[in-house]
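Novice: here is a sequence together with a model predicted from it:
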Amino acid sequence: MNRKTLLLVEDNPDDEALTLRALRKNNIANEIIVARDGQEALDYLFATGAFDGRDINEQPQVILLDLKLPKVDGLQVLERLRAEPETRHIPVVVLTSSNEERDIIRSYDLGANSYVRKPVDFEQFLQAARQLGLYWMVLNEVPYGRE
C-alpha cells in the first residue's frame, strides 16, 4: 500500500523551514521527504545514488518543486519526471519565488499541475500551505497502478 508522502525539493534552508512549519501548522501530518537539490530529488524518485534500493513503487502523493536549484534545476527535474512512466503521473506543484513569465509557461509546457509563487508574508504562506495540503494530500486522487 502506498503511503501518502510529500516530496519537497528546496535548496534554501529558510524556505524549507518555512514550508515545513506551514505544512505542520496546518496539520499536514504526512511524511515529508526533503531533497535539497534537483539531483537528490531525481535520485530519490528513481531509487539511484544514495537512495539505491528504495522501493520505486512508493512514490510521493505530490511534489513541491522549486525551480532555482543547484546541480539540476527544477525545470530539468520536471522534464525528466514527465518523460518516465514511473513518475509521469505524480502531481507536481511548482513552488518558487520566480515571477518570470517564461518560467510559468515552461513549467506548464513540461507538465506542471500547478504554479504557486512563494509569498513573502508568512500568513499568506500559511494560507497557501493549507490549501495545497488540503487539495493535494487529502482530496486529490493519484493513479497507483502506474504503467
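Specialist: Received, thanks.

Novice: ok, and what's touching the helix ranked longest in the chain?
Specialist: Assignment by DSSP state H gives helix 13-25 as the longest helix of the chain. Here helix 13-25 makes contact (CB atoms under 8 Å, 6 or more residues apart in numbering) with 6, 8, 10, 32, 34, 36, 64, 66, 95, 97, 118, 122, 125-126, 128-130, 133. In this view, the C-beta of every residue, glycine as well, is placed from N, C-alpha and C.

Novice: give the other helices and strands that the next helix or strand after it contacts.
Specialist: Downstream of helix 13-25, the first helix or strand assigned by DSSP states H and E is strand 32-35. With contacts taken as 3 or more CB pairs under 8 Å, 6 or more residues apart in numbering; DSSP states H and E, strand 32-35 sits against strand 6-9, helix 13-25, helix 38-46.

Novice: the helices in this protein, which residues?
Specialist: 13-25, 38-46, 74-83, 101-109, 122-132.

Novice: mean pLDDT and mean neighbour count added to these, as CSV?
Specialist: Shown next, in CSV, are these (pLDDT from 0 to 100; neighbours: other CB atoms under 10 Å):
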stretch, mean pLDDT, mean neighbour count
helix 13-25, 87, 16
helix 38-46, 97, 22
helix 74-83, 97, 20
helix 101-109, 96, 14
helix 122-132, 74, 16
